[in-house]
Structures are given as C-alpha cells and as structure tokens.
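Colleague: Here you go, sequence then predicted model.
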Amino acid sequence: MAINIKKVDRNVSMTFLERMYIPYMLHGMWVAIRHAAINMLGFFEEILAGKSKRQVMTLFYPEEYPDIPPAYRGKPTLVRRDDGLEACVACGLCEAACPPLCISIIGGERENGERYPVTYTLDGTRCIYCGFCEEVCPKEAIVMSDRFQGLCEYDREKMIYDKESLLVPREKLQKRLDTIRNKYFSEKRYR
Ligand code: SF4
Ligand code: SF4
C-alpha cells in the first residue's frame with residue numbers, strides 16, 4: 001500500500017476567521033455531530049430496512065467479533081502439536097528474553113529423549129505483550145495469539161496461566177505462524 005506523506009507547512013499565516021477561533025471550533029463540532037448522526041442512522045437503516053451492507057464503521061460487539069489482523073499481538077499462547085504434545089522443548093530462551101520476567105519453566109525429558117516443559121507458567125499480570133518470547137523461540141512453540149478478551153481479572157491469581165491453559169492446537173494459530181515466519185525468519189532457515 002502506497003503511503004501518502006503530507007508535508008506540514010508551519011509558516012502558514014491564519015485568516016481572520018481562523019484567528020477568531022470560534023467559527024472553526026463550531027465547524028469541528030459540526031463534523032463530530034455529523035459523523036455521530038451518520039453512524040446512528042446507519043444502524044437504524046440496517047435494523048429497519050434489513051440492509052446487509054452496513055454504512056458505519058462500528059460493530060455490535062460482543063455479538064459481532066472484529067476481524068483481527070494476523071500481526072496483532074494478543075495473549076501469548078503455547079502451540080500444541082498435531083500429536084497433542086507441546087511444541088516447546090523447554091530451552092528457556094523465552095524465559096531469558098522476557099523483559100518483565102513473567103515466564104518460568106521447569107524442563108524435563110520424555111522416554112524417547114525429547115525435552116518438554118513439565119511446567120510452563122506465564123504471569124499475565126506482568127506481560128507487556130512485547131512478543132520477544134515469540135521472536136526468540138527456535139521451535140515456533142509460543143506465539144502471540146489474536147486473543148484480547150478476558151485478559152483482565154479482579155483476582156490476580158486467575159492471571160497466572162499454567163501450561164494447560166496456554167496450549168492451543170497449531171491449526172488455530174496457523175495464520176499467526178505464517179505471519180511470524182515471514183516476519184522473523186528467512187525461508188532458508190527452515191529448509
Ligand atoms: S510477550 Fe513479552 S512480556 Fe509477555 S511473555 Fe512474551 S516476552 Fe514476556
Ligand atoms: S523459547 Fe520456545 S521452545 Fe524454548 S522454552 Fe520458550 S516456548 Fe519453549
């Protein structure tokens with residue numbers, strides 16, 4: 001998408017009306033009221049006439065869910081592999097990279113010698129949604145999901161997420177996985 005850069009000329013001398021201030025303040029109010037009215041009428045139009053194509057920008061949230069772009073950084077989420085196990089190998093890189101130190105991992109080894117997190121705890125009260133954990137992970141095992149709802153609680157204890165509550169099947173995170181693969185890594189690294 002082409003970015004239209006507009007240069008701001010700071011040496012413009014104001015007209016008499018602009019210096020009067022009030023006419024332009026009223027003009028600003030008129031623009032705000034006009035947009036509010038258009039939005040209201042847009043909804044009425046849809047409700048009364050059953051128009052499928054909405055003219056307004058707002059949504060009937062939470063009945064309608066917004067279309068979240070894949071670059072959005074929501075709740076950090078652990079990837080569950082297709083065989084049901086964690087993609088995480090408990091290397092500890094995310095733990096070390098996390099600026100507010102909100103990740104703690106106890107690693108272990110399966111019978112086949114594969115490493116895995118016995119416990120993986122993420123303190124949601126500290127997370128700043130920076131995405132560093134996702135960026136450093138060599139296994140694409142933690143990603144920033146599109147989840148933005150229900151992240152705040154009255155009880156802080158409920159914001160300490162354990163491994164089971166963080167695990168999400170890989171197919172549900174595929175859009176984000178494709179995005180980070182393009183963003184952080186070259187195709188060569190994954191060949
Ligand atoms: S998003 Fe940032 S703050 Fe949150 S767990 Fe990952 S590294 Fe830590
Ligand atoms: S960086 Fe990835 S593989 Fe390593 S401990 Fe964190 S989530 Fe697991």
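Modeller: Right, received. Where do you want to start? Since the model is a prediction, treat every value here as computed from it, not as a measurement. Ligands and ions are numbered 1, 2, ... in the order given.

Colleague: Skip ahead from the biggest strand by length in the chain and say which helix or strand is next.
Modeller: Criterion DSSP state E: the longest strand present in the chain is strand 115-123. Going down the chain from strand 115-123, the next helix or strand is helix 132-136, by DSSP states H and E.

Colleague: so does that next one get close to ligand 1?
Modeller: Yes: residues of helix 132-136 contacting ligand 1 under C-beta under 6 Å from any ligand atom: Phe132, Cys133. Every C-beta, even on glycine, is put in place using the N, C-alpha and C of the backbone.

Colleague: circling back to that earlier point, got the CA coordinates for the longest strand of the chain in PDB?
Modeller: C-alpha atoms of strand 115-123 as PDB (Å, rounded to 0.1, in the frame of the first residue of the first chain):
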ATOM      1  CA  ARG A 115      12.700 -32.400  26.100                       C
ATOM      2  CA  TYR A 116       9.500 -30.800  27.100                       C
ATOM      3  CA  PRO A 117       8.200 -28.300  29.700                       C
ATOM      4  CA  VAL A 118       7.000 -30.200  32.800                       C
ATOM      5  CA  THR A 119       5.600 -26.900  34.000                       C
ATOM      6  CA  TYR A 120       5.300 -23.600  32.000                       C
ATOM      7  CA  THR A 121       3.900 -20.700  33.900                       C
ATOM      8  CA  LEU A 122       3.200 -17.200  32.400                       C
ATOM      9  CA  ASP A 123       2.300 -14.400  34.700                       C
END
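
Colleague: In it, which residues are buried?
Modeller: Within strand 115-123, the residues scored as buried using 16 or more other C-beta atoms under 10 Å are Tyr116, Pro117, Tyr120, Thr121, Leu122, Asp123.

Colleague: Identify the spatial nearest neighbour of the fourth one, chain neighbours not counted.
Modeller: When you say that, I think you mean Thr121. Leaving aside its chain neighbours, Thr121 sits nearest to Ser104 (4.9 Å; criterion: C-beta to C-beta, 6 or more residues apart in numbering).

Colleague: residues contacting that neighbour?
Modeller: Listed by C-beta atoms under 8 Å, 6 or more residues apart in numbering, the contact set of Ser104 reads Glu95, Thr119, Tyr120, Thr121, Asp123.

Colleague: hmm, back to that, state the mean pLDDT of the longest strand of the chain.
Modeller: Averaged over strand 115-123, pLDDT sits at 98.
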